[in-house]
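[1] Give me the fold of what follows.
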Amino acid sequence: MSTARAGLDVVVPDDGGRPSGGSRYDRRLVAALGALGRPARLVPVAGDWPAPDGAARARLRRALGAPAPGRAVVLDGLVGCAAPETVDDAVRSGVPVHLLVHLPLPAETGLDPATATELARREASALAAATGVLVPSAWAARDLRRRYGTADAAVVEPGAERGPVAAGSRPPRLTCLASLTPRKNQRLLLEALAPLTGLDWTLDLVGPDGDPEHVAALRAAVRDLPEPGRVHCPGPLEGTALARQWARTDLLLLPSIAETYGMVVTEALAHGVPAVVAAGTGAVEALDGTPGPRGAAGAGAAVGGTRAGTAVDPADPSAWTEVLRDWLTDAALRAQWRAAALARRDHLRGWADTARDVLAAIGPPLGPPGPGEHGTDHDHDTDHDTDHDTDRTRRPS
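    Take a look at the predicted model:
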């Protein structure tokens, strides 16, 4: 018997209680859709994504389910792009499946060439099979077009919830809020700050551990600093602990090698905290905001052309040293970035905006739901947080 029911299912990897930026986006999207009157369910799928075994693929097949009037699926790309055949089967059966690509699979660092090529092959096939493609930024849409020829990805930029304005700390507290992985590039920050021990600062590397070998090397690099006691690794923070971290932060640092948006940047701006981000990544779009029509400032754009921070080459530690030296020694620069962050705080998009963008991209429900089909539990619901050219023709939703 089919368990498919009308409504919107947001199918995601089971994060095991270790939320990533992508999983936080997925959960907040579900909540925002419900607040707009379009009930949605978070459907986690366990598996070693993006390298699923047969059991994980079977769980995904069950989660995608069968067609029903008014039913659609938003499928996290970490899952869907790894299983193109399953996506294709669901769409051919009549289930509208819209892939939400937080990060292209081959963009993860540390992949051997054969693995990266295979992931790109699968992702290209999944994108071609899907009913539609959603991405978190215009930068990400351009990236997919460059990689796969994806010409019709819909931008569904993350929202942000304004929090209390950060009071900051003395000495100034620098925060990098990201998983401890090579792609997030925390090692660069240690190299950049090592020459600045004559200035007052502390650094918090906040986030869950990634690969144990990488984390061990990162902690060893901290111990090798001239003053290792300035750097703290408190692990992942949520709720009140995260709120306390924002309250005492003066500057966010995000040196990621690859980033399609960087929700943590707008989260910082939501507390009036400026940021230094990696140039050439989608984090620059998060810092500056999305331009409006004809180049005018949009709802999230930098006010008056003033940036709430800056963007620096993520492969050049010396450039980060100079930027951080300037910020630490120039009170006028700190005040300028702070004022720009506070101005951006007043113009940030909310999650309701994100939900509206998603609904506009996936189209109206296919038909009215049956009695009692919205708002009931799903077998897999959860409450916990946390270059190819493909000639593609989209299937109607």
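[2] State which helix of this structure is the longest.
    Once the chain is assigned using DSSP state H, the helix that runs over the most residues is helix 113-129.
[3] neighbouring contacts of that one?
    Judged by Cβ atoms under 8 Å, 6 or more residues apart in numbering, the contacts made with helix 113-129 from elsewhere in the structure are 50, 77, 80-85, 87-88, 91, 97, 99, 101, 104-106, 111, 133, 144, 147-148, 150, 387-388, 390, 392. To be clear about C-beta, it is placed using only N, CA and C from the backbone, and glycine gets the same treatment.
[4] Downstream of it, the next helix or strand is which one?
    Tracing the chain C-terminally past helix 113-129 and defining elements by DSSP states H and E, one meets strand 132-135 next.
[5] Which of the contacts of helix 113-129 fall in helices?
    Secondary structure defined by DSSP H assigns 77, 80, 84-85, 87-88, 91, 144, 147-148 of the contacts of helix 113-129 to helices.
[6] Show me which of the contacts of helix 113-129 are buried.
    50, 77, 80-84, 87-88, 91, 97, 99, 101, 104-106, 133, 144, 147-148, 150, 388, 392 (16 or more other Cβ atoms under 10 Å).
[7] Give me the buried positions along the longest helix of the chain.
    Buried residues in helix 113-129, counting neighbours by 16+ other Cβ under 10 Å, are found at 118-120, 122-129.
[8] Kindly report the same for stretch 351-360.
    Under 16+ other Cβ under 10 Å, the buried positions of stretch 351-360 are 351, 353-359.
[9] For this structure, which residues score under the pLDDT cut-off?
    Low-confidence segments of the chain (pLDDT under 70): 1-6, 17-19, 290-305, 364-397.
[10] Domain ranges for it, per the record?
    Using automatic domain parsing, the domain parsing of the chain gives 7-159+350-362, 173-345.
[11] start to end distance for the shortest one?
    Looking at domain 7-159+350-362, the gap from its leading to its trailing residue is 12 Å under the measure Cα to Cα, to the nearest Å.
[12] likewise stretch 257-265?
    Start to finish, the residues bounding stretch 257-265 are 15 Å apart (Cα to Cα).
[13] now stretch 30-50
    Between the opening and closing residues of stretch 30-50 there is a gap of 22 Å (Cα to Cα).
[14] any chance you could map the strands in the stretch 201-350 of the chain?
    Secondary structure of the stretch 201-350 of the chain (DSSP state E, counting those that start in this stretch): strands at 202-206, 231-235, 251-254, 275-278, 309-312.
[15] Distance to residue 60 and mean neighbour count added to the ones you listed, as TSV?
    As requested, the strands of the stretch 201-350 of the chain are arranged in TSV below (distance: least, Cβ to Cβ, whole Å; neighbours: other Cβ atoms under 10 Å):
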stretch	distance to residue 60	mean neighbour count
strand 202-206	32	22
strand 231-235	30	16
strand 251-254	31	28
strand 275-278	32	26
strand 309-312	37	22
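[16] any chance of those strands in TSV, plus distance to residue 46?
    TSV is the format used below for the strands of the stretch 201-350 of the chain (distance: least, Cβ to Cβ, whole Å):
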stretch	distance to residue 46
strand 202-206	26
strand 231-235	23
strand 251-254	29
strand 275-278	32
strand 309-312	37
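[17] among the ones you listed, which is nearest residue 54?
    Using Cβ to Cβ as the criterion, the shortest distance between residue 54 and those is 33.8 Å, found for strand 231-235.
[18] roughly how far out does the closest one sit from the chain middle?
    Its chain's C-alpha centre lies 22 Å from the corresponding centre of strand 231-235 when counted by Cα atoms, centre = their mean, to the nearest Å.
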